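Enquirer: with the input below, show me the fold.
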Amino acid sequence: MSERDKDDISADELNRMSDDELVRLGTRLDDVRLVQYAERWPVPGTKMERRALRHVTGWFVLAGVSALALIGVFVFWPYEYLPPGAPGYQVRTLYTPMVGLTFGLTLLGLAVGSVAYAKKFLPQELAVQQRHSGSSSEADKRTVAAEFRDAGTRSGLQRRTLFRRVAATSAGLFGLGLGVMAIGPLVRDPWKHGDSPDSLWRTGWNPINGETVYLRLDTGDPDEVVLVRPEDLRAGGYVTVFPFRETDREEPERLHAALRRADSAVMLFRFRPGTTVTSRPGREDFHHGDFYAYSKVCTHLGCPASLYEQQTGRLLCPCHQSQFDVFAGAVPIFGPATRPLPELPITVGEDGYFTARGDFAEVVGPGFWELKP
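Expert: Residues are numbered from 1 along each chain as shown. I've put the predicted structure just below:
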């Protein structure tokens, strides 16, 4: 039928037609020939139909339960770092696998349930249609809408209330789980409790009660304390250091925690004599002679920026290839990072060991929109 013939059908004629008549009209207008169009279950309510419905519903129930488990695991499962052998270590290591398992089961239930429903309950249809070009007429729009309504009616969704609710609930719970995973990391207010030791504005280098904070090496033994002196580092070299307080010796948990805190890792550099170094404004006195200390946490996504080329002063983050010029205040010169690495103010105490003169003057790690320039 030509586009002109379609336009000759008035709105009144379309309004008087039932959905069945609109469906037949739509197939005729679109030059569609139904080779096969048979109901899956010609007799509603049979035992086989109910058994098939229970099978399909079971997949959506699995999806719903898995989605709830996904939310529960993401919110309540222990995720904070624990060293091997510590109480709760085995449970903590299951956090990522459990998130992946519940996420996968949710997708599996929704996918298999949807495919199973289509195979078991949607009408068996085989149609052949000639392709046409041009915009759709009013008759096309009305008949296509009727065809969609007809498909919904023949699929049995309208009379299968329980299944419809289960499927919708499962899909909704999965969407809720995705929302929780997306929004959850953004809920924390970085400006709240700014003076707290756990604030984003404080790291393990923050002075507590005026106690001296030393630069400590990680030897692999969390109970061993090795402090750093200027003569321990050769010219052109660097080491990774962590904060240490003498009172930490009295509490092994604090002694171990200082090595685990993600925002406390610092790289201590000793530049070669005669190296031209440009400090950022306000940080001209943060260094001690040829010794400079910068956060090891990349300001892009928090990976360890630890690949150092001593001749050019370039520090590379291996994750996304951000490069920082430590001869120029650790400003980014390549890659996705946009903020310099924070510099730790250091000095040498009367006992000859390196100490921190205070905490970082800026936030460690990736930037965020609440971060003021």
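
Enquirer: can we go C-alpha only for contacts and neighbour counts from here?
Expert: Noted.

Enquirer: show me the shaky parts of the stretch 151-300 of the chain.
Expert: Scanning the stretch 151-300 of the chain for pLDDT under 70 picks out 152, 154-159, 185, 187-195, 197-198.

Enquirer: now the helices for the stretch 1-150 of the chain?
Expert: Ranges of helices in the stretch 1-150 of the chain, per DSSP state H, counting those that start in this stretch, are 3-7, 11-16, 19-29, 47-76, 89-93, 95-121, 138-154.

Enquirer: between those helices, which gets nearest to D248?
Expert: helix 89-93 (22.2 Å; C-alpha to C-alpha).

Enquirer: flag every buried residue along that closest one.
Expert: By neighbour count on 16 or more other C-alpha atoms under 10 Å, the buried set for helix 89-93 is Y89, T93.

Enquirer: related to what we said a few turns ago, looking at the helices of the stretch 1-150 of the chain, which is closest to V128?
Expert: Of those, nearest to V128 by C-alpha to C-alpha is helix 19-29, at 9.8 Å.

Enquirer: mean confidence score for that closest one?
Expert: Helix 19-29 shows a mean pLDDT of 76.

Enquirer: centre of the chain to that helix, how far?
Expert: 48 Å (C-alpha atoms, centre = their mean, to the nearest Å).

Enquirer: stretch 267-281 too?
Expert: With C-alpha atoms, centre = their mean, you get 36 Å for stretch 267-281.

Enquirer: which strand or helix spans the residue nearest the centre of the chain?
Expert: Of all residues in the chain, the one closest to the mean position by C-alpha atoms, centre = their mean is A182, 6.4 Å from it. Here A182, judged by DSSP states H and E, is contained in helix 161-183.

Enquirer: now for that helix, which elements pack on it?
Expert: Packing contacts for helix 161-183, counted by 3 or more C-alpha pairs under 8 Å, 6 or more residues apart in numbering; DSSP states H and E, involve helix 47-76, helix 95-121.

Enquirer: buried ones in it?
Expert: 163-164, 166-167, 169-171, 173-174, 176-178, 180.

Enquirer: quick check: next helix or strand after it?
Expert: As assigned by DSSP H and E, the chain's next helix or strand after helix 161-183 is strand 213-217.

Enquirer: strands paired with that next one, and their directions?
Expert: Looking at strand 213-217 with DSSP bridges, its partner strands are strand 226-227 (antiparallel), strand 238-244 (antiparallel), strand 354-356 (antiparallel).

Enquirer: off-centre distance for that strand?
Expert: That offset, for strand 213-217, works out to 33 Å (C-alpha atoms, centre = their mean).

Enquirer: same thing with stretch 18-26?
Expert: With C-alpha atoms, centre = their mean, you get 48 Å for stretch 18-26.

Enquirer: which parts of that stretch are buried?
Expert: In stretch 18-26, the ones that count as buried by 16+ other C-alpha under 10 Å are D19, L22, V23, L25, G26.

Enquirer: ok, the first one touching F148?
Expert: No: with contacts defined as C-alpha atoms under 8 Å, D19 does not count as touching F148, sitting 9.8 Å away.

Enquirer: hey, where'd the strands end up in the stretch 201-350 of the chain?
Expert: Assigned by DSSP state E, counting those that start in this stretch, the strands in the stretch 201-350 of the chain fall at 213-217, 226-227, 238-244, 266-270, 291-295, 307-309, 314-316, 323-325, 331-334, 346-348.

Enquirer: right, so of those, which gets closest to S137?
Expert: Short answer: strand 331-334, nearest of those by C-alpha to C-alpha, at 55.4 Å.

Enquirer: contacts only, for the closest residue to R339 other than its chain neighbours.
Expert: Excluding the flanking residues, the one nearest R339 by C-alpha to C-alpha, 6 or more residues apart in numbering is T299, at 5.9 Å. Applying C-alpha atoms under 8 Å, 6 or more residues apart in numbering to T299 gives the contacts A337, T338, R339, P340, L341, V364, G365, P366, G367.

Enquirer: can we see that at 6 Å?
Expert: Counting by C-alpha atoms under 6 Å, 6 or more residues apart in numbering, T299 touches A337, R339, G365, P366.

Enquirer: just flag the most distant two among these.
Expert: A337 and G365 (10.3 Å).

Enquirer: I'd like to know which of the contacts of T299 are buried.
Expert: Counted by 16+ other C-alpha under 10 Å, the contacts of T299 give A337, R339, G365, P366 as buried.

Enquirer: need those residues in JSON lines (columns: pLDDT).
Expert: Shown next, in JSON lines, are the buried ones among the contacts of T299 (pLDDT from 0 to 100):
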{"residue": "A337", "pLDDT": "93"}
{"residue": "R339", "pLDDT": "92"}
{"residue": "G365", "pLDDT": "89"}
{"residue": "P366", "pLDDT": "89"}
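
Enquirer: quick check, nearest of those residues to M48?
Expert: P366 (57.4 Å).

Enquirer: now the closest one: closest residue in space, sequence neighbours ignored.
Expert: Per C-alpha to C-alpha, 6+ apart, closest to P366 is T299, 4.2 Å.

Enquirer: repeat for V225
Expert: Nearest one to V225, counting by C-alpha to C-alpha, 6+ apart, is R216 at 6.7 Å.

Enquirer: what about the helices in the stretch 251-373 of the chain?
Expert: 252-260.

Enquirer: give the contact list for G313.
Expert: Here G313 is in contact with D325, V326, F327 (C-alpha under 6 Å, 6+ apart).

Enquirer: and the gap between the second one and T278?
Expert: It refers to V326. From V326 over to T278 the distance is 9 Å, taken as C-alpha to C-alpha, to the nearest Å.

Enquirer: who's more crowded, the two?
Expert: V326 (27 against 14; other C-alpha atoms under 10 Å).

Enquirer: okay, the residue nearest to V225 and G210: tell me how far apart.
Expert: Distance from R216 to G210, by C-alpha to C-alpha: 18 Å.

Enquirer: between these two, which has more neighbouring residues?
Expert: Set R216 next to G210 and count neighbours by other C-alpha under 10 Å: R216 wins out with 25 against 8.
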